[in-house]
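Asker: The sequence isn't on hand, but the structure is:
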Ligand SMILES: Nc1ncnc2c1ncn2[C@@H]1O[C@H](COP(=O)(O)OP(=O)(O)OP(=O)(O)O)[C@@H](O)[C@H]1O
Ligand SMILES: [Mg+2]
């Protein structure tokens, strides 16, 4: 296993060396520096797995180091060292994304414990999730992603019911994959080469719905200028999916019940019974049992539909599926949008794993799509997800301007980030120059940045040597 690389930043040599000794005894590779400025220079050249920084230092404070690390390499954990345990600084540190903090003086074993913990909570890079996905033989089924035992049960039931002709009732909250389940049943059934017809029962008024489902004969009502084949007939030999079945009116419910009992339909205005051969799959996000007890859904129809129930679990009850779902949607949208994103920052993953997801998988999918659009680095950060409450910079007056469209929002975020980054960089460059009597060569040397790079930073930030123009 590769040894973890640690960077220690402290202005006091005694602390620096003490930390280094303790950590090296545990086989960590340790590098030290005496200021935040030096650290930023190092971070631009090399990769580290963990940073331990003093909070109070002359020049650049630990919080500033933390903030700039968050911008430069968002997935490196940072542990802050505070001179005295203070709730305020701890809160500020955590708010700015510190993984942990230690107060001086500290016992070596506490330090080691915290270091270990921070390293183990490092980001779950895309590669790891990817590996997990490859190792797992059953990461999904059909177009479903998810390997939790709750989803395995769903897959099992779908496979069983696909071989039968029994009516299926799919239940589950919005966005849990009810329509996906209906399609999976069809695609895994012997009917797969026949039509799959989906009807959204909530989108049509009562009479229109009936004429859609059963068809009508020319002239049977105003507007029936032509004979129309009902969807029951269109789906002949295949699967008919009645989505949002709870929205069917009581009188249409009676007609539907008859069709299911007789397996024949009568088009509106027609006299002939037309035999139908369909597998009926219905779905609802309402509790039909409650509707039955309230008298808004016929009990006999409920029993007819509920021959084989399939219940899709909400996402919050199968959190273990969240990482592979993230991976799946990242892959989908990076390809679609044409961006390279490596993964999500650790705090994003823990945020998503603890999000209640009232809109379930659809909500997660929308979040990832939006984050891929908004992301400016190659990693999804918290700000890319939470649009309104993440950034302190979104002060009251800015919130007044909602709603912004996606383009405006993107522009605004870009501006804020660049601005924040610029002012930090500017502070860094100016301070370095100030300390070195505005000698570029010496300032570059001190910060560990190559001279040409230092100069181009100055140029970008509009900093020129005093007296020069
Ligand atoms: N387990 C899953 N794996 C991958 N994608 C999923 C999964 N579950 C749902 N989706 C995706 O989430 C979106 C919503 O799924 P679907 O339309 O099937 O949900 P629904 O339960 O019918 O929602 P609603 O009640 O709002 O109609 C779709 O884009 C679907 O592809
Ligand atoms: Mg649906």
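Answerer: Sure, I can see it. All figures in this text were calculated on a predicted structure; none of them were measured in a lab. Ligands and ions are numbered 1, 2, ... in the order given.

Asker: Quick one: mean pLDDT for the helix or strand containing residue 282?
Answerer: Using DSSP states H and E, residue 282 falls within strand 279-284. Mean per-residue pLDDT for strand 279-284: 97.

Asker: and residue 365, what is it in contact with?
Answerer: The neighbourhood of residue 365, defined by CB atoms under 8 Å, 6 or more residues apart in numbering, consists of 325, 329. Every C-beta, even on glycine, is put in place using the N, C-alpha and C of the backbone.

Asker: who in the stretch 101-250 of the chain is up against ligand 1?
Answerer: Counting by CB under 6 Å from any ligand atom, the stretch 101-250 of the chain comes close to ligand 1 at 144, 145, 146, 172, 174, 175, 176, 177, 178, 179, 180.

Asker: Number of residues surrounding residue 155?
Answerer: 19 (other CB atoms under 10 Å).

Asker: And the pLDDT at it?
Answerer: 93.

Asker: Which strands and helices lie in contact with the helix or strand following the strand holding residue 282?
Answerer: Following strand 279-284 in sequence order, the next helix or strand is helix 288-294 (DSSP H and E). Packing contacts for helix 288-294, counted by 3 or more CB pairs under 8 Å, 6 or more residues apart in numbering; DSSP states H and E, involve helix 299-305.

Asker: Show me which positions of the helix it packs on end up buried.
Answerer: Buried residues in helix 299-305, counted by 16 or more other CB atoms under 10 Å: 301, 302, 304, 305.

Asker: Could you list the single helix or strand in this protein with the lowest mean pLDDT?
Answerer: Every helix and strand of the chain was ranked by mean pLDDT, DSSP states H and E. The lowest is helix 396-399, at a mean of 35.

Asker: how about low-confidence regions in the stretch 301-450 of the chain?
Answerer: Along the stretch 301-450 of the chain, segments meeting pLDDT under 70 span 386-424.

Asker: Tell me where it has strands.
Answerer: Shown for the stretch 301-450 of the chain, the strands assigned by DSSP state E, counting those that start in this stretch span residues 308-311, 343-344, 379-380.

Asker: now these as TSV including distance to ligand 2?
Answerer: As requested, the strands of the stretch 301-450 of the chain are exported to TSV (distance: least, CB to the ion, whole Å):
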stretch	distance to ligand 2
strand 308-311	13
strand 343-344	27
strand 379-380	27
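
Asker: Out of those, indicate the one that is most buried.
Answerer: strand 343-344 (a mean of 27; mean count of other CB atoms under 10 Å).

Asker: residues in the stretch 351-469 of the chain within reach of ligand 1, list them.
Answerer: Going by CB under 6 Å from any ligand atom, the residues of the stretch 351-469 of the chain near ligand 1 are 361, 362, 365.

Asker: Counting only helices, which of these make the cut?
Answerer: 361, 362, 365 (DSSP state H).

Asker: Just name the closest of these to residue 34, please.
Answerer: If you rank those by distance to residue 34 using CB to CB, residue 365 comes first, at 47.3 Å.

Asker: So the chain: which segments form each domain?
Answerer: Domains of the chain are assigned by automatic domain parsing as 5-122, 149-312, 320-405, 414-461.

Asker: Pull out the buried positions in stretch 352-363.
Answerer: Neighbour-count burial for stretch 352-363 flags 352, 355, 357, 359, 360, 361, 363 (criterion: 16+ other CB under 10 Å).

Asker: next helix or strand past the helix or strand residue 52 falls within?
Answerer: Per DSSP H and E: residue 52 is located in strand 50-54. The helix or strand immediately downstream of strand 50-54 is helix 62-72, counting by DSSP H and E.

Asker: contacts for the helix or strand that that next one is followed by?
Answerer: Moving toward the C-terminus from helix 62-72, the next helix or strand (DSSP H and E) is strand 78-82. Identification of contacts with strand 78-82 by CB under 8 Å, 6+ apart yields 10, 15, 50-56, 62-63, 65-66, 69, 89-90, 93, 97-104, 106, 114-115, 118.

Asker: Buried members of those into ChimeraX, please.
Answerer: Listed next is the ChimeraX selection for buried residues among these, using 16+ other CB under 10 Å:
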select :10,15,50,51,52,53,54,55,62,63,65,66,69,89,90,93,97,98,99,100,101,102,103,114,115,118
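
Asker: Near ligand 2, list only the ones from the contacts of strand 78-82.
Answerer: When CB under 5 Å from the ion is applied, no member of those is adjacent to ligand 2.

Asker: Enumerate every residue touching the residue in the stretch 201-350 of the chain that ligand 1 sits nearest to.
Answerer: Nearest residue of the stretch 201-350 of the chain to ligand 1, counting by CB to the nearest ligand atom: residue 285, 4.4 Å away. By CB under 8 Å, 6+ apart, residue 285 lies in contact with 171, 172, 173, 174, 178, 244, 246.

Asker: Backbone dihedrals for it, both of them.
Answerer: phi -100, psi 10 (degrees, to the nearest 10).

Asker: Most proximal residue of the stretch 51-200 of the chain with respect to ligand 1?
Answerer: Here the stretch 51-200 of the chain gets closest to ligand 1 at one residue, residue 177, 2.9 Å apart by CB to the nearest ligand atom.

Asker: Just give me the neighbour total for the closest residue to that residue other than its chain neighbours.
Answerer: With CB to CB, 6 or more residues apart in numbering as the criterion, residue 177 has its nearest non-adjacent residue at 5.5 Å, and that residue is residue 312. Neighbour count of residue 312, defined by other CB under 10 Å: 23.
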